[in-house]
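S.K.: Kindly generate the corresponding structure for this input.
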Amino acid sequence: MSFLQILWFILIGVLFSGFFFLDGFDFGVGMAVKTLAHNESERDQIVSTIGPVWDGNEVWLITAGGAMFASFPYWYATLFSGYYLILLLILVGLIIRGVSFEFRAKCAPYQKNIWDNAMAIGSVMATFLFGVMFISMIKGMPIDAKGNISASFFDYFNWFSIVGGIALTLLCYLHGLNYITIKTKGVISDRAQNYAQALYWVLYVGEVVFALLLIFQTDFMRVHPIATLICLVLIVGFSVAAHVATFINKQGMALACSGLTLISLVALIFCGLFPRVMISSISSKYDLLIHSASSSNYTLIVMTVATCILVPCVLAYTIWAYWIFRKRISMPRIGEVK
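M.R.: Down below sits the predicted model:
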């Protein structure tokens, strides 16, 4: 493996980390529209917290997919062809969720409930299926010598992947609650904090079950025992820190720690995969490896130069956008900025 191959493997992990940190609370807010709000005004207030930023956050997913296509075409081909039905359903969830923002803003008041339901369903659907996809991937899929996946229903949906999907959904929901707490004023902020305080106890149970399944149904502890244990400790540690922060009213700390929990989960997946990008359940000799799945060295050099130029611009714009819309929402629309 070359330095650039390892670098781009890490960069794809960073892009997915950015996606789950930023779009994670978007998904959580989408779920909260139907579970946290008690009336139309509260639902408008919740939606307003992500109204200016939700579509920009999803760019991280598109960038991660594009980077995978350009830097690891064989990984992209195997993953996207083997998971095309799940990815199609994820896309449907994202589309349903996306159009709901536009239609609920323009429809008659009595029709808003339809698009509120669509937003919640799309958010749960996409988050759960992302969890199923990534967890079934690290468990191992029936990949043959040609890199083709010939999987059955239970290769995708098994106890481990279902637990992973539920855990990711709950993590994103808690991340969204922490975001609502810091971005709103009044009763909705207090209610979001109370929900988070209660649901973290449920998350701990899910994390224990997930950790046990990871140990017994993957080879992570055999291949990378120290890195796996560190990532598991970080996941639990950041969850506890976020939980404690909700009780001591450190709202920024709660949001940061719930986001770091998601980043630690992505780190766990990528550390466990290394030096592979796809794991074959048929035979380890059919595993897709970093050095054999990557593009040419010239392609990676060009991409690295382009990344060094474009990433600072993207980060600067993202920081600027969140700074502009930094004020808490007390009405069903974006407040003025000081």
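S.K.: Sketch out the strands for the stretch 1-150 of the chain, chain order is fine.
M.R.: Using DSSP state E, counting those that start in this stretch, no strands are found in the stretch 1-150 of the chain.
S.K.: how much space between the residue nearest to Gly122 when sequence neighbours are not counted and Phe72?
M.R.: Leaving aside its sequence neighbours, Gly122 sits nearest to Arg97 (Cβ to Cβ, 6 or more residues apart in numbering; 3.1 Å). Bear in mind the C-beta positions are built from the backbone N, C-alpha and C, glycine included. Between Arg97 and Phe72 the distance, using Cβ to Cβ, to the nearest Å, works out to 28 Å.
S.K.: so Thr299 is in which element?
M.R.: helix 297-324 (DSSP states H and E).
S.K.: In that helix, which residues are buried?
M.R.: Within helix 297-324, the residues that count as buried by 16 or more other Cβ atoms under 10 Å are Leu300, Met303, Thr304, Thr307, Thr318.
S.K.: Check stretch 226-241 too.
M.R.: Result for stretch 226-241 [16+ other Cβ under 10 Å]: buried residues Ala227, Thr228, Cys231, Leu232, Leu234, Ile235, Val236, Phe238, Ser239, Val240, Ala241.
S.K.: Contact partners for the fifth one?
M.R.: The neighbours of Leu234, taking Cβ atoms under 8 Å, 6 or more residues apart in numbering as the test, are Leu260, Thr261, Ser264, Ala267.
S.K.: what does the last one give?
M.R.: Under the criterion of Cβ under 8 Å, 6+ apart, the neighbours of Ala241 are Met253, Cys257.
S.K.: can you map out the strands along the stretch 151-300 of the chain?
M.R.: Using DSSP E, counting those that start in this stretch, strands in the stretch 151-300 of the chain cover 276-278, 288-289.
S.K.: For the longest one, which helices and strands make contact with it?
M.R.: Using 3 or more Cβ pairs under 8 Å, 6 or more residues apart in numbering; DSSP states H and E as the contact criterion, the elements in contact with strand 276-278 are helix 73-82, strand 288-289, helix 290-293.
S.K.: Show residues contacting the first one.
M.R.: Contact with helix 73-82 is made by 65, 68-69, 87, 137, 141, 143, 147-149, 151, 277-278, 288, 292-295, as judged by Cβ under 8 Å, 6+ apart.
S.K.: Cheers, nothing more for now.
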